[in-house]
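Enquirer: I would like to see how this sequence folds:
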Amino acid sequence: MSESSTATVRHTEPFNWFAGLYWPALIIATLYVCYFSHLGVVGLVGPDEPRYAWIARAMAESGDWVTPRLYDQPWFEKPPLYYWGAALSFELFGVNEAAARLPSAVAALLGTLALAWLAWKIYGGKTARWLLLLLPTTVGMIGFSHAAATDMPFSGMLTMAMVAAAVLLGLRSAEREANISLVFQPQWKLTLARISFGVALALAVLAKGPAALILCGGTIFFWSLVTKRWRDSLRLLHPLAVAAFLIAAVPWYLICQQQNRDFFRIFILEHNFQRYLTPQFQHVQPFWFYLPIVAAAWLPWTTLVAWSIWQGLAKLRQTKRISDSSVFFLSWTLFCIAFFSLSQSKLPGYILPALLPLALLVAQSYTVIEERSKAFQLIHLLAALLLAMLFTGLEVAAPHVSRKGIEFGMAVGFIVAAISSANLILGGASAAGKFGRVRELAATLSVVPILLVLLFSNRLTASLFNGDPSGKRIATDLQALRIPEERLFISGLNRGEHYGLNFYLHQEVPEWDEHTPAWGYVVAKSKRCGALVPTGWSCEEIPLGTQIRDRSVYRINRAGSLPGAAGGGKFQ
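Expert: Have a look, this model is predicted:
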């Protein structure tokens with residue numbers, strides 16, 4: 001049949017409402033809900049979010065976009081890409097939690113769309129569609145897209161670089177790999193891919209440093225080692241790609257070094273080499289640490305990952321062959337896991353770059369199995385049953401785990417029930433047999449429970465936490481009491497609360513020293529007023545406007561003195 005007649009036949013085919021309307025609507029809803037909904041549902045938590053947000057706010061306020069500064073001091077733990085994005089977000093949307101986390105959400109979207117485009121080019125639209133549903137609904141992608149941190153910007157930019165690398169390497173599906181040379185690609189496409197590769201890799205280096213070069217180079221090395229396509233890998237060193245990388249990445253490093261003589265020593269030697277080679281930063285974990293982290297990050301689809309691995313190994317034993325594309329994605333995934341497993345400092349966010357290529361392999365594995373076996377149904381139904389049992393156990397244990405008791409148990413139970421339901425629907429959908437569209441529709445509904453959890457996350461977070469983990473509520477109360485900022489101290493708070501309090505009060509709150517007391521106000525962890533002051537000093541609790549468990553504010557003064565006599569406090 002000629003090309004024109006083929007086009008005529010396609011034009012007269014009836015419109016596929018399922019593929020044309022349902023899939024795009026579901027994908028758009030999934031991407032929005034998973035990456036952008038309720039970005040500000042909780043305050044900035046942990047030690048990293050408030051510090052990174054502080055640096056970004058300082059950049060926006062000072063206009064110094066070169067030197068990251070924490071509490072007015074240079075801070076060279078990470079490069080500036082996240083800070084630039086958050087500072088710009090603050091300028092556009094104001095200083096708030098959603099604006100601080102927006103760069104991560106945008107990076108997650110860009111990385112997901114780039115990977116889906118590559119899946120469509122190599123494996124077809126079906127794999128791309130399933131990737132756009134499965135990847136965003138994982139715990140790892142949801143969590144890190146809602147974090148004011150560098151992990152997702154790094155992973156998103158690295159993913160875009162690897163997608164461009166796959167184009168330059170000429171990766172195709174196994175069916176299309178035979179004798180199709182890259183020289184027949186339009187020149188403008190190759191030029192765009194080279195520039196995109198260089199710029200995206202540069203942005204990854206600006207997000208987290210030289211780890212981007214190591215992860216990219218290690219992936220390409222092992223891909224070349226297995227496929228024997230060493231000459232093809234040299235395409236990534238095209239002068240145009242190298243020039244794009246140098247122009248985008250190098251200027252900030254040179255300017256920052258020029259303005260800060262200790263930059264390279266602190267950033268390269270301490271925060272990269274020493275962090276990787278020594279336990280100096282006290283994030284020591286066993287070698288196998290990232291295996292359970294990957295399993296947890298891929299919830300609710302961990303069972304699907306295990307199934308995909310099993311099917312891949314079975315296919316490899318049967319055919320004794322693996323496509324170059326599969327080798328690329330496997331090298332990408334496994335090298336990331338191996339590289340960070342060898343590190344002496346391990347944090348969960350480090351492994352995020354491995355989750356994205358794994359998603360493409362999982363989506364492809366799911367779509368190529370046209371007839372779901374009984375084992376596929378059984379493994380997902382069994383997973384749903386185990387999760388249901390876990391749900392029951394959590395309900396029973398809830399009063400002993402949290403002071404919120406049943407309220408906490410119901411929130412956790414709702415989340416576990418959603419994960420269980422997702423597995424139940426995915427496994428049960430295979431029972432639709434040969435009715436392809438019905439089975440596909442039923443399977444897509446497996447993401448609905450996860451979307452519901454996210455839509456109700458504002459209510460769930462209030463039930464999950466005993467108090468405020470960010471320090472935002474305490475800061476609001478302190479501001480309402482008009483406590484003088486220069487007389488405020490903290491005692492016994494964890495690092496996350498301390499940094500959060502600093503951010504929301506827009507000042508660095510010092511630690512209280514009971515050996516050298518001074519009149520003032522102390523935010524303390526527990527009811528321990530007597531331990532804060534020596535003999536001759538008084539300690540009086542001040543009620544907070546909101547009830548925050550295990551956190552109190554005390555007014556410290558010399559015994560017998562009037563409140564604020566030593567310095568005229570604002571509190572009455």
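Enquirer: Listing request: residues of the stretch 1-150 of the chain with sub-threshold pLDDT.
Expert: In the prediction, the stretch 1-150 of the chain carries residues with pLDDT under 70 at positions 1-19.
Enquirer: And Cys216, how far from Leu445?
Expert: 37 Å (Cβ to Cβ, to the nearest Å). From N, CA and C alone the C-beta is placed, and that goes for glycine too.
Enquirer: These two: who's more crowded?
Expert: The residue with more neighbours, out of Cys216 and Leu445, is Cys216; 23 against 15, by other Cβ atoms under 10 Å.
Enquirer: Now do the contacts for that one.
Expert: Contacts for Cys216 (Cβ atoms under 8 Å, 6 or more residues apart in numbering) come out as Leu158, Ala161, Met162, Ala165, Leu201, Ala204.
Enquirer: before we move on, what about Tyr290?
Expert: Taking Cβ under 8 Å, 6+ apart as the test, what Tyr290 contacts is Ile337, Phe340, Ser341, Lys346, Tyr350, Ile351, Ala354.
Enquirer: In strands, which of these appear?
Expert: Residues of the contacts of Tyr290 located in strands (DSSP state E): none.
Enquirer: biggest separation within these, which pair?
Expert: The largest separation in the contacts of Tyr290, counting by Cβ to Cβ, is between Lys346 and Ala354 at 13.2 Å.
Enquirer: okay, the two: which has more neighbours?
Expert: More neighbours surround Ala354 than the other of Lys346 and Ala354, with 25 against 19 (other Cβ under 10 Å).
Enquirer: okay, now the nearest residue to that one once chain neighbours are set aside: neighbour count?
Expert: Spatial nearest neighbour of Ala354, chain neighbours left out: Cys336 (3.8 Å); criterion: Cβ to Cβ, 6 or more residues apart in numbering. As a burial measure, Cys336 scores 28 neighbours (other Cβ under 10 Å).
Enquirer: next one: Cys34
Expert: By other Cβ under 10 Å, the residues close to Cys34 number 25.
Enquirer: repeat for Thr302
Expert: For Thr302, using other Cβ under 10 Å, the count is 18.
Enquirer: Wait, it touches Ala295, no?
Expert: Yes: here Thr302 reaches Ala295: they are 5.0 Å apart, a contact under Cβ atoms under 8 Å.
Enquirer: which other helices and strands contact the helix or strand containing Leu313?
Expert: Element membership for Leu313 (DSSP states H and E) is helix 302-319. Under the contact criterion of 3 or more Cβ pairs under 8 Å, 6 or more residues apart in numbering; DSSP states H and E, helix 302-319 touches helix 290-297, helix 352-368, helix 374-401.
Enquirer: so what's the residue nearest to the spatial centre of the chain up against?
Expert: What sits nearest the mean C-alpha location of the chain, by Cα atoms, centre = their mean, is Phe144, with 1.9 Å. By Cβ under 8 Å, 6+ apart, the contact list for Phe144 reads Ser104, Ala108, Asp151, Met152, Ser155, Gly349, Leu352.
Enquirer: hmm, try it at 6 Å
Expert: By Cβ atoms under 6 Å, 6 or more residues apart in numbering, the contact set of Phe144 is Asp151, Met152, Leu352.
Enquirer: filter these to the buried ones?
Expert: Asp151, Met152, Leu352 (16 or more other Cβ atoms under 10 Å).
Enquirer: What sits closest to the second one if chain neighbours are left out?
Expert: It stands for Met152. Here the residue nearest Met152, using Cβ to Cβ, 6+ apart, is Ser104, at 3.9 Å.
Enquirer: mind checking how far the one you found is from Leu358?
Expert: 19 Å.
Enquirer: neighbour-wise, which of these two wins?
Expert: Neighbours were counted for Ser104 and for Leu358 using other Cβ under 10 Å; Ser104 has more, 28 against 25.
Enquirer: in what helix or strand does the more buried one lie?
Expert: Per DSSP H and E: Ser104 is located in helix 97-123.
Enquirer: That helix: which residues count as buried?
Expert: Under 16+ other Cβ under 10 Å, the buried positions of helix 97-123 are 97-116, 118-123.
Enquirer: now it and helix 352-368, what's the angle there?
Expert: 50 degrees (axes from the mean of the first three to the mean of the last three Cα atoms, to 10 degrees).
Enquirer: Name the next helix or strand downstream of helix 97-123, please.
Expert: Following helix 97-123 toward the C-terminus (DSSP H and E): helix 125-134.
Enquirer: Buried residues, that following helix. List them.
Expert: Lys126, Thr127, Ala128, Arg129, Trp130, Leu131, Leu132, Leu133, Leu134.
Enquirer: elements contacting the helix holding Ser104?
Expert: helix 23-36, helix 81-93, helix 125-134, helix 139-145, helix 151-168, helix 352-368 (3 or more Cβ pairs under 6 Å, 6 or more residues apart in numbering; DSSP states H and E).
Enquirer: need these in a markdown table with distance to Pro286, can you?
Expert: As requested, the helices and strands packed on helix 97-123 are exported to a markdown table (distance: least, Cβ to Cβ, whole Å):
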| stretch | distance to Pro286 |
| --- | --- |
| helix 23-36 | 31 |
| helix 81-93 | 29 |
| helix 125-134 | 29 |
| helix 139-145 | 20 |
| helix 151-168 | 21 |
| helix 352-368 | 18 |
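Enquirer: Can you tell me which of those helices is most buried?
Expert: helix 151-168 (a mean of 27; mean count of other Cβ atoms under 10 Å).
Enquirer: which other helices and strands contact that one?
Expert: So helix 151-168, by 3+ Cβ pairs under 6 Å, 6+ apart, packs with helix 97-123, helix 139-145, helix 187-208, helix 352-368.
Enquirer: Quick one: closest of those helices to Lys228.
Expert: helix 97-123 (19.9 Å).
Enquirer: Just list the residues touching Leu110, thanks.
Expert: Gly156.
Enquirer: Skip the chain neighbours and tell me the closest residue to the residue nearest to the centre of the chain.
Expert: In space, Phe144 is closest to Met152, 4.6 Å off (Cβ to Cβ, 6+ apart).
Enquirer: my read: the residue nearest to Met152 touches Ile142, true?
Expert: No: here Ser104 does not reach Ile142: they are 10.9 Å apart, not a contact under Cβ atoms under 6 Å.
Enquirer: Any regions of the stretch 151-300 of the chain where pLDDT drops low?
Expert: In the stretch 151-300 of the chain (pLDDT under 70), the answer is 173-185, 280-282.
Enquirer: before we move on, back to that, so which of the contacts of Cys216 is the closest to Glu91?
Expert: Once Cβ to Cβ is applied, the member of these that ends up nearest Glu91 is Ala204, at 23.8 Å.
Enquirer: any idea how far Ile425 is from the closest one?
Expert: For Ala204, the distance to Ile425 equals 36 Å [Cβ to Cβ].
Enquirer: of these two, who's got more company?
Expert: Comparing Ala204 with Ile425 by other Cβ under 10 Å, the one with more neighbours is Ala204, at 30 against 19.
Enquirer: That one and Gly198: what is the separation?
Expert: Taking Cβ to Cβ as the measure, Ala204 falls 11 Å from Gly198.
Enquirer: And Val294, by the same measure?
Expert: 30 Å.
Enquirer: Between these two, tell me which one has more neighbours.
Expert: Gly198 (25 against 21).
Enquirer: List the contacts of that one.
Expert: Applying Cβ under 6 Å, 6+ apart, the residues near Gly198 are Ala241, Ala244, Phe245.
Enquirer: element containing the second one, please.
Expert: Secondary structure here is read from DSSP H and E; on that basis Ala244 sits in helix 239-259.
Enquirer: For that helix, output the C-alpha coordinates as PDB.
Expert: Output of helix 239-259 as PDB, limited to C-alpha atoms (Å, rounded to 0.1, in the frame of the first residue of the first chain):
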ATOM      1  CA  PRO A 239      33.000  19.800  20.200                       C
ATOM      2  CA  LEU A 240      29.500  21.400  20.100                       C
ATOM      3  CA  ALA A 241      28.400  19.400  23.200                       C
ATOM      4  CA  VAL A 242      31.700  20.100  25.000                       C
ATOM      5  CA  ALA A 243      31.400  23.800  24.200                       C
ATOM      6  CA  ALA A 244      27.800  24.000  25.400                       C
ATOM      7  CA  PHE A 245      28.800  22.300  28.700                       C
ATOM      8  CA  LEU A 246      31.700  24.600  29.300                       C
ATOM      9  CA  ILE A 247      29.800  27.800  28.500                       C
ATOM     10  CA  ALA A 248      26.900  26.800  30.800                       C
ATOM     11  CA  ALA A 249      28.700  25.300  33.700                       C
ATOM     12  CA  VAL A 250      32.200  26.800  34.100                       C
ATOM     13  CA  PRO A 251      31.500  30.600  34.500                       C
ATOM     14  CA  TRP A 252      29.800  30.300  37.900                       C
ATOM     15  CA  TYR A 253      32.600  28.100  39.300                       C
ATOM     16  CA  LEU A 254      35.300  30.500  38.200                       C
ATOM     17  CA  ILE A 255      33.500  33.600  39.400                       C
ATOM     18  CA  CYS A 256      32.700  32.000  42.700                       C
ATOM     19  CA  GLN A 257      36.300  30.900  43.200                       C
ATOM     20  CA  GLN A 258      37.500  34.400  42.300                       C
ATOM     21  CA  GLN A 259      35.200  36.000  44.900                       C
END
